[in-house]
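Q: I'd like to go over a predicted model; first the sequence, then the structure.
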Amino acid sequence: MFGMRKGQGATEYLVLLAVVLVIALVSIALLGFFPGLTTDAKVNQSITYWKGASPIAITAASITPAGTLNVVIQNNAPDSISALTMRVTNANGSTTIVTVTPTSTALGPGASTTAATAAAAAPTCVIGSVVTFTTVNFTYSTSSFAGLTQVGSRDLIVRCS
C-alpha cells in the first residue's frame, strides 16, 4: 500500500513547479514582447514633460510620413517672448532650426502658436511609428533679456500621423 504512493510528493512538486514556470513565462511574454505598450508609455511621459515645461512648452506635436514636424508652442512665462527659434536633433544626429515666430512678433504670456517645418532632423516615418528627438532647445528674447536659452531635459517623442 505504501509502495504505490512513494513518488506522489515529488510528482506534485514537479507539477506545481511547471505551473509556476508557465505563469512566469506568460508574464514575461506580456511585459516584454509587446513593444507598443512601452512606446505608448514613453510618448505619454514625453507629452507630460513638454506640456509642463517652462518658460516654453510644447502642447502638441506630430510628424507626417514625409518628415514635416508640426508643433504647438505655448509661452508659460509671465513676459512676452520674441525671436523664438527651436532647435531639434533626432536620434541620428541630424539637427534642424525651426523659426517659430518672426522677430517682430511677440508671443504673449499664455499664448500659443503653431510651427511646421520640413525638418531635416525629422526623418520620414511610417504612420503609427514614433520619432525621437534627443535634443530640443529654444532660443528666445524677452523685453529685458536677449538670447535666452531653454534646454529640454527629456526627449521629444512624436507619433507619425
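A: Looks like it arrived, so ask away.
Q: ok, residue 39 touching residue 130?
A: Yes. Taking contacts as C-beta atoms under 8 Å, residue 39 lies within contact range of residue 130: 5.8 Å. In short, each C-beta sits where N, CA and C put it, glycine included.
Q: what residues go with each domain of this structure?
A: Following automatic domain parsing, the chain resolves into domains at 3-32, 35-159.
Q: Adding mean neighbour count and mean pLDDT as columns, could you present these in TSV?
A: Formatted as TSV, these follow (neighbours: other C-beta atoms under 10 Å; pLDDT from 0 to 100):
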stretch	mean neighbour count	mean pLDDT
domain 3-32	9	81
domain 35-159	16	83
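Q: for the lengthiest strand in the chain, packing partners?
A: As assigned by DSSP state E, the longest strand anywhere in the chain is strand 130-141. Here strand 130-141 touches helix 35-51, strand 56-63, strand 82-90, strand 148-151, strand 156-159, going by 3 or more C-beta pairs under 8 Å, 6 or more residues apart in numbering; DSSP states H and E.
Q: Quick one: closest of these to residue 107.
A: Checking the helices and strands packed on strand 130-141 against residue 107 by C-beta to C-beta gives strand 82-90 as the closest, at 6.4 Å.
Q: Note down every partner strand of that closest one and its orientation.
A: Counting by DSSP bridges, the strands paired with strand 82-90 are strand 95-99 (antiparallel), strand 130-141 (antiparallel).
Q: Quick one, which of those gets closest to residue 72.
A: With C-beta to C-beta, the closest approach to residue 72 among the strands paired with strand 82-90 belongs to strand 95-99: 12.5 Å.
Q: Quick one: closest of the strands paired with strand 82-90 to residue 14.
A: Across the strands paired with strand 82-90, closest to residue 14 is strand 130-141 (C-beta to C-beta), at 44.4 Å.
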